[in-house]
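Participant: here you go, sequence then predicted model.
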Amino acid sequence: MVTMDTCYTCAQERLFDRLPIRERIAHDDHWRVAHATGTSLEAWLILMPRRHVTTIAELSDAEAGLLGTWQVRLSRALHAVTGCEKTYVVQFAEAPGFAHVHFHVVPRSPDHPYDRRGPAIFSYLGCPPDKQVSPRRMDLLGAQLRSSLGPH
């Protein structure tokens, strides 16, 4: 069972002030946005509560009230920065060590291969290190997205 003490997301949150831009692209009192790691797809974002939550039903009213706003703001910023045609928003929180609720906000470009659309988008995760978006590139995209998001 993942607890706040063993949760990857909570461990990152405890380091908040020292995180690189890719781990804190945007935030408020309730939510933090990071670039996904281990993916070959640029600008794959993760939206996560800043406190330990393992089910959507556990979200506070304040967190729930901001969730849709964050998803729309991130989708607009992804469109502005990447030119994506759509964004996918997905939440499972089932991978070992990642039970902390988090939402994948994934850009889908107009020329995205048909065989990697929809749920197949997850084939971009867990790729070999030499195929992953580099930390430097994630930071650059993070800065562009932050700028596009503007003040909240």
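Facilitator: Received the coordinates, thanks.
Participant: only C-alpha atoms from now on, for both contacts and neighbour counts.
Facilitator: Fine.
Participant: give the other helices and strands that the helix or strand containing Val105 contacts.
Facilitator: For Val105, the host element (DSSP states H and E) is strand 103-108. For strand 103-108, the elements it packs on are strand 45-49, helix 61-82, strand 86-90, judged by 3 or more C-alpha pairs under 8 Å, 6 or more residues apart in numbering; DSSP states H and E.
Participant: was I right about Pro110 contacting Thr87?
Facilitator: No. Judged on C-alpha atoms under 8 Å, Pro110 makes no contact with Thr87 at a distance of 10.9 Å.
Participant: strand partners of the strand holding Val105, parallel vs antiparallel please.
Facilitator: Partners of strand 103-108 in the sheet, by DSSP bridges, are strand 45-49 (antiparallel), strand 86-90 (antiparallel).
Participant: chain center to the first one, what's the gap?
Facilitator: Read that as strand 45-49. Relative to its parent chain, strand 45-49 has a centroid offset of 4 Å by C-alpha atoms, centre = their mean, to the nearest Å.
Participant: in it, what counts as buried?
Facilitator: 45-49 (16 or more other C-alpha atoms under 10 Å).
Participant: can I get these in TSV including distance to Ala95 and pLDDT?
Facilitator: Output for the buried residues of strand 45-49, formatted as TSV (distance: C-alpha to C-alpha, whole Å; pLDDT from 0 to 100):
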residue	distance to Ala95	pLDDT
Leu45	17	98
Ile46	14	98
Leu47	16	98
Met48	15	98
Pro49	17	98
